[in-house]
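Enquirer: give me coordinates for this.
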Amino acid sequence: MVFSIHRSRFGLFVVGLSWLGLAEARCSKGAPVASTTLSSGSEAGISVPVVRQDGMVPARCRIDGPGTSLGSVPADGPVVVGGGVPFDGGYAIGLTHGSDRGTIAAIAWLGSDMASSHVVDIGPTPSDALAPRITRSDSGLVASYFARRGKSDPTPDGNRGRSLVLVGIDPHRVAAHELLATTLQQGDESMAFDLAFSGATGLLVWDEVFTPRPAIGAPSAGWGGRGVIRGTLLDAAAHPVRTFDVSPPDSDADSPRIVTGSTGFAVFWIANEPEDSPDAHSGTDPGAAGEERTHGWVEMLSLDARGVPLGSVRRLTPASGHVSSFDVLSLGGDAETAFAVVARDDGVTMGGTRGGSLVYIRATEGGGESSSVVPSGDLGRGSPEFIDARPAWVSWVGEREELRMMPLGPNGRMTASPSVEESLGEARPLVGGSAVGDGKARQTAERILAVIPASKEDEPPSVAPVLCVSP
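Expert: Next comes the predicted model:
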């Protein structure tokens with residue numbers, strides 16, 4: 001059962017069974033974790049973490065109750081589960097599933113008790129597309145997804161493109177959805193996009209490859225094109241107002257993400273060293289045959305609610321790095337919004353094997369930044385992800401494909417050690433909920449919704465509540 005997709009403009013990689021890892025035989029588990037119980041000096045029964053040599057502490061999370069199937073979706077293809085948002089005590093989750101009509105984009109609705117779910121199809125989508133992204137706006141919930149286009153349905157310039165569709169969905173009428181907008185995009189390998197609303201306006205961003213047309217008789221540019229982050233400003237009804245380039249003209253960018261701040265929007269992306277640059281592979285081991293790599297780093301640009309840049313592009317990670325994926329979360333704030341960024345840096349190639357680390361950055365709208373390396377241990381496959389909860393959590397996969405999680409402290413400070421969550425198996429944390437009492441731990445725990453893979457390939461996945469106790 002497929003659960004997530006890692007994407008960039010250079011390709012699309014479906015990843016599966018071991019949560020953001022390719023379906024393969026599971027590696028043996030790591031050494032058991034340890035804990036101790038206080039007998040004096042505090043309340044008896046509270047487990048005190050013992051930090052392991054690799055910087056990890058014992059599990060903080062447990063599944064709390066049986067899972068609920070994500071509807072009776074057809075078993076004619078893999079189920080891809082995207083993100084979700086809470087509403088009125090329940091949840092809306094984007095997914096794609098197979099059918100006799102091909103791959104279908106859909107929304108799964110779950111009640112506040114998560115005792116049942118209802119899946120509503122919203123339209124056909126390409127087989128390699130991301131699951132619909134669900135976003136809050138002033139007028140309700142908006143789902144965005146790539147619509148499947150026919151062979152005889154070209155874009156206005158005559159090229160085969162893609163249609164990114166926005167639909168309004170009504171949480172109180174689960175089968176109702178309304179077409180809001182359709183945005184045409186250039187067809188290339190990437191299907192990365194993101195959407196956010198700030199007040200009465202929205203901003204849709206995506207990446208595409210721009211290939212300049214040289215003048216007749218002019219020499220080739222050498223590296224064939226560059227990635228561009230494009231944006232479409234939306235009005236209160238989610239109708240397009242104007243489309244413009246977000247990334248600078250000298251940038252080679254992909255994998256855009258967008259969040260809101262007190263002044264409007266903040267757009268993030270991965271910038272890459274052009275392939276014809278003499279410095280592009282300065283960190284590469286020449287002994288790693290057949291593998292060409294470029295530097296990659298995270299950049300950020302703040303825009304107001306009209307899509308006008310506020311200042312210049314900011315580089316958040318070193319230009320000498322090799323960032324392959326990242327996630328971003330808006331932390332809020334009284335005077336100005338702070339943003340949390342976690343980036344996977346794959347390091348350098350060393351004799352055919354790669355190192356890798358997670359870098360955590362806390363950036364503010366006004367320009368203040370701080371960064372630190374997460375004590376993540378060796379990394380498994382896939383991208384790190386934030387869980388938008390209170391407190392917020394960071395999750396990723398360790399070298400033995402075990403889930404690892406770390407809560408953030410007040411104001412997004414990195415104050416706690418990561419934990420190894422082997423008991424969650426292949427569950428994928430999805431979205432945060434409310435704080436509840438955890439009688440077993442005798443503490444207040446965060447209720448997080450997690451996706452649980454199906455035991456059989458012809459069954460849909462399920463969701464279950466997970467209780468996580470933060471320090």
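Enquirer: which SS state does the nearest residue to residue 129 once chain neighbours are set aside fall under?
Expert: Distances taken as Cβ to Cβ, 6 or more residues apart in numbering put residue 146 closest to residue 129, at 4.4 Å, once the chain neighbours are dropped. Glycine gets a C-beta too; all of them are placed from N, C-alpha and C. Of the three states, residue 146 takes strand under DSSP: H, G, I helix; E, B strand; the rest coil.
Enquirer: can you check the one 3 residues further on too?
Expert: Local secondary structure at residue 149 is given as coil here, using three-state DSSP.
Enquirer: number of nearby residues for the closest residue to it other than its chain neighbours?
Expert: For residue 149, ignoring the flanking residues on the chain, the nearest one in space by Cβ to Cβ, 6+ apart is residue 163 at 5.8 Å. A count of neighbours around residue 163, defined by other Cβ atoms under 10 Å, yields 16.
Enquirer: wait, residue 365 touches residue 260, no?
Expert: No. The pair residue 365 and residue 260 does not pass the contact test of Cβ atoms under 8 Å, sitting 10.7 Å apart.
Enquirer: how close does residue 431 sit to residue 467?
Expert: 14 Å (Cβ to Cβ, to the nearest Å).
Enquirer: how far out from the middle of the chain is stretch 333-346?
Expert: 14 Å (Cα atoms, centre = their mean, to the nearest Å).
Enquirer: now do it: distance from first to last residue.
Expert: End-to-end distance for stretch 333-346: 32 Å, by Cα to Cα, to the nearest Å.
Enquirer: do stretch 391-400 as well
Expert: 27 Å.
Enquirer: repeat for stretch 451-459
Expert: Termini of stretch 451-459 sit 14 Å apart (Cα to Cα).
Enquirer: any idea what residue 260 is bridged to?
Expert: residue 265 (DSSP bridges).
Enquirer: burial of it, as a residue count?
Expert: 20.
Enquirer: next, the contact list for it, please.
Expert: The contact partners of residue 260, by Cβ atoms under 8 Å, 6 or more residues apart in numbering, come to 196, 197, 198, 266, 330, 337.
Enquirer: do that again at 7 Å, thanks
Expert: Shown in contact with residue 260 (Cβ atoms under 7 Å, 6 or more residues apart in numbering): 196, 198, 330.
Enquirer: okay, now the last one: neighbour count?
Expert: Here the number of neighbours of residue 330 (other Cβ under 10 Å) works out to 20.
Enquirer: from memory it sits against residue 259, does it?
Expert: Yes. Shown here, residue 330 and residue 259 form a contact pair, counting by Cβ atoms under 7 Å, at 4.1 Å.
Enquirer: what residues do these two have in common as contacts?
Expert: residue 339.
Enquirer: and stretch 461-471, how far out from the chain middle?
Expert: The mean C-alpha position of stretch 461-471 is separated from the chain mean by 18 Å, Cα atoms, centre = their mean.
Enquirer: how about that stretch: buried residues?
Expert: Buried residues in stretch 461-471, defined by neighbour count with 16 or more other Cβ atoms under 10 Å: 461, 462, 463, 464, 465, 466, 467, 468, 469, 470.
Enquirer: then that stretch to CSV, C-alphas only?
Expert: Below are the C-alpha coordinates for stretch 461-471, written out as CSV (Å, rounded to 0.1, in the frame of the first residue of the first chain):
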residue,chain,number,x,y,z
PRO,A,461,-5.5,2.1,4.7
SER,A,462,-6.9,3.1,8.0
VAL,A,463,-6.4,5.9,10.5
ALA,A,464,-6.0,5.7,14.3
PRO,A,465,-5.5,8.2,17.1
VAL,A,466,-1.9,8.2,18.6
LEU,A,467,-1.2,9.7,22.0
CYS,A,468,2.2,11.4,22.3
VAL,A,469,3.5,12.8,25.6
SER,A,470,5.9,15.7,25.3
PRO,A,471,8.5,16.5,28.0
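Enquirer: so for that stretch, what's the average pLDDT?
Expert: For stretch 461-471, the mean pLDDT works out to 88.
Enquirer: kindly report the same for stretch 102-118.
Expert: If you average the pLDDT over stretch 102-118, you get 85.
Enquirer: give me the contacts around that stretch.
Expert: 68-71, 77, 89-97, 119-127, 132, 143, 145, 148, 169, 174, 463, 465.
Enquirer: buried ones only from the residues you listed, please, as a ChimeraX command.
Expert: In ChimeraX syntax, the buried subset of those is picked out as below (16+ other Cβ under 10 Å):
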select :68,69,70,71,77,90,91,92,93,94,95,96,97,119,120,121,122,123,124,125,126,132,143,145,148,169,463,465
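Enquirer: give me the mean pLDDT for stretch 446-454.
Expert: 88.
Enquirer: report the distance from that stretch to the chain centre.
Expert: 16 Å.
Enquirer: which residues make contact with that stretch from outside it?
Expert: With Cβ under 7 Å, 6+ apart as the criterion, stretch 446-454 contacts 1, 3, 17, 67, 81, 84, 91, 387, 389, 424, 426-436, 460-468, 470.
Enquirer: on that earlier part again, burial of the residue nearest to residue 129, as a residue count?
Expert: Around residue 146 there are 23 residues (other Cβ under 10 Å).
Enquirer: is it true that it touches residue 183?
Expert: No. Look at residue 146 against residue 183 with Cβ under 7 Å: they stay out of range, at 10.2 Å.
Enquirer: what do the two both touch?
Expert: What both residue 146 and residue 183 touch, as defined by Cβ under 7 Å, 6+ apart, is the set residue 164.
Enquirer: name the SS class of the residue lying closest to residue 418 once chain neighbours are set aside, please.
Expert: Closest residue to residue 418 apart from its sequence neighbours, by Cβ to Cβ, 6+ apart: residue 406 at 4.1 Å. Here residue 406 is recorded as strand under three-state DSSP.
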